[in-house]
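>>> Coordinates for the following, if possible.
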Amino acid sequence: MPVYQPSHQTSGGTRAPRGRRIRCAAALLALLTVVGYVVFVDWTGSHGLDCYVEANGTRLGLQQPQAANAATIGAVASSRDLPERALTIALATAMQESKLHDIKGGDRDSLGLFQQRPSQGWGTAEQILDPVYSSGEFFDELVKIPGYSRLPLTAAAQKVQHSGFPQAYAKHEADASMLAAALYGREPSLSCRVPSGGSPGDPVAVRQRLAREFGAQVLERQGSADGAPAEAAGTGALPGDTSGSTVTVPGDAAADPTDEDPTQHGWALAQWAVAHAPELRIAEVAYRGRIWRARESGSGWVKDAARPGHSYGDVRITVEH
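Residues are numbered from 1 along each chain as shown. The predicted model follows:
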């Protein structure tokens, strides 16, 4: 094994000059400061990666706005009953085009998550800067491509985007796939560190955002006799209606009966709420015996021991009050 040899040595065992010792000490102090800072931000999240998803020992970190935008893309895909592969393609595209930020400027007149251009017929600047609209436009074009779900990701994305660098989408495929699995509830692992307290939230605003991003049907429970929302079991509230500071939304009951896992839809809703917690002032999200709390958000999803009697098939979103 090669042995590391220092590039500067003193001859004959003589002591290094005092100035050199001072410089070495200063360098060591600087190194310790950097190490200390890295440890600090790892514990506190001060590096700005406030959200993460995990799968198979791999963790993907995201800034909260990135997670919120990704969750919105996922909600729009869900509202159209698109396969997970469609969401993966969309996320990889947005990762490359904007790093999942709603950019107000770009190359020429490119805007938004997908860097769509008003001059190319994608809509007005105001429309493109709306993540719900821009996601819908992306999916409108994607589903026109025959067999898009079987194409290589770069090919499918390029047919929508017409990019000058089509191979650039490939480097995001693994991360996009992991994020899509979380947002679609197949591998639910999305959690965010967010501040608690502050101004109160508005449960009506939460309900409106759910309907806008997932579609109005997200607030309805399937299986009621007259097609109207049925009472949420154990809550005394209508699904999607507000009871105090809590919005109760059907989880399992609203799932497609053909789904292999009826909890996927509920987890998609629950993780969407966590991703949007800061802007909607969400304090707690509970589903299937698990709960996420803003005031303890560093712990992620934990066992919900406080509500053993509530309907675990419903997603409960509680705002700050």
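>>> residues contacting Gly197?
Gly197 is in contact with 295, 320, counting by CB atoms under 8 Å, 6 or more residues apart in numbering. Just so you know, the C-beta spots here come from the backbone N, C-alpha and C atoms, and that holds for glycine as well.
>>> how far does whichever helix or strand Val204 is part of sit from the chain's center?
Per DSSP states H and E: Val204 is located in helix 203-214. What separates the centre of helix 203-214 from the centre of its chain is 17 Å, taken as CA atoms, centre = their mean, to the nearest Å.
>>> what comes up buried for it?
Across helix 203-214, burial judged by 16 or more other CB atoms under 10 Å covers 203, 206-207, 209-210, 212-214.
>>> Among those, pick out the one closest to Thr124, please.
Proximity of those to Thr124 was ranked by CB to CB; the top entry is Arg212 with 18.3 Å.
>>> Do you know the pLDDT at Ser79?
In this model, Ser79 is scored at 95, pLDDT.
>>> and it, what is it in contact with?
Applying CB under 8 Å, 6+ apart, the residues contacting Ser79 are 213-215, 218.
>>> In CSV: those, plus distance to Gln116 and pLDDT.
Output for those, formatted as CSV (distance: CB to CB, whole Å; pLDDT from 0 to 100):
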residue, distance to Gln116, pLDDT
Glu213, 18, 98
Phe214, 22, 97
Gly215, 22, 95
Val218, 26, 92
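>>> The helix holding Val204 packs against which elements?
With contacts defined as 3 or more CB pairs under 8 Å, 6 or more residues apart in numbering; DSSP states H and E, helix 203-214 has these neighbours: helix 64-79, strand 242-243, strand 246-250, helix 264-275, helix 277-280, strand 314-319.
>>> Which of the residues in the fifth one are classified as buried?
Judged by neighbour count using 16+ other CB under 10 Å, the buried positions of helix 277-280 are 277-278, 280.
>>> Tabulate these (TSV), appending distance to Pro152 and pLDDT.
Shown next, in TSV, are the buried residues of helix 277-280 (distance: CB to CB, whole Å; pLDDT from 0 to 100):
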residue	distance to Pro152	pLDDT
Ala277	35	96
Pro278	36	94
Leu280	37	96
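>>> Pick the one among these closest to Gly105.
Lowest distance from Gly105 to the buried residues of helix 277-280 (CB to CB) belongs to Pro278, with 24.0 Å.
>>> Which parts of the stretch 1-150 of the chain are helices?
For the stretch 1-150 of the chain, the helices defined by DSSP state H, counting those that start in this stretch occupy 18-44, 64-79, 84-98, 125-128, 131-142.
>>> Show me the least confident stretch of these, going by mean pLDDT.
helix 18-44 (a mean of 46).
>>> how does this protein divide into domains?
The chain breaks down into these domains under automatic domain parsing: 53-183, 195-319.
>>> how much distance is there from the last one to the middle of the chain?
By that I understand domain 195-319. Relative to its chain's centre, domain 195-319 lies at 16 Å (CA atoms, centre = their mean).
>>> quick one: contacts for the closest residue to Ala75 other than its chain neighbours?
Take Ala75 and drop its neighbours on the chain: the residue closest to it by CB to CB, 6 or more residues apart in numbering is Glu213, 3.8 Å away. By CB under 8 Å, 6+ apart, Glu213 lies in contact with 72, 75-76, 79, 132, 272.
>>> returning to what we had before: any idea of the angle the helix holding Val204 forms with strand 314-319?
Orientation of helix 203-214 against strand 314-319 (axes from the mean of the first three to the mean of the last three CA atoms, to 10 degrees) gives an angle of 130 degrees.
>>> roughly how far apart are the most centrally placed residue in the chain and Ala275?
With distances taken as CA atoms, centre = their mean, the residue of the chain nearest its centroid is Ala67 (2.9 Å). Applying CB to CB, to the nearest Å, the value for Ala67 to Ala275 is 4 Å.
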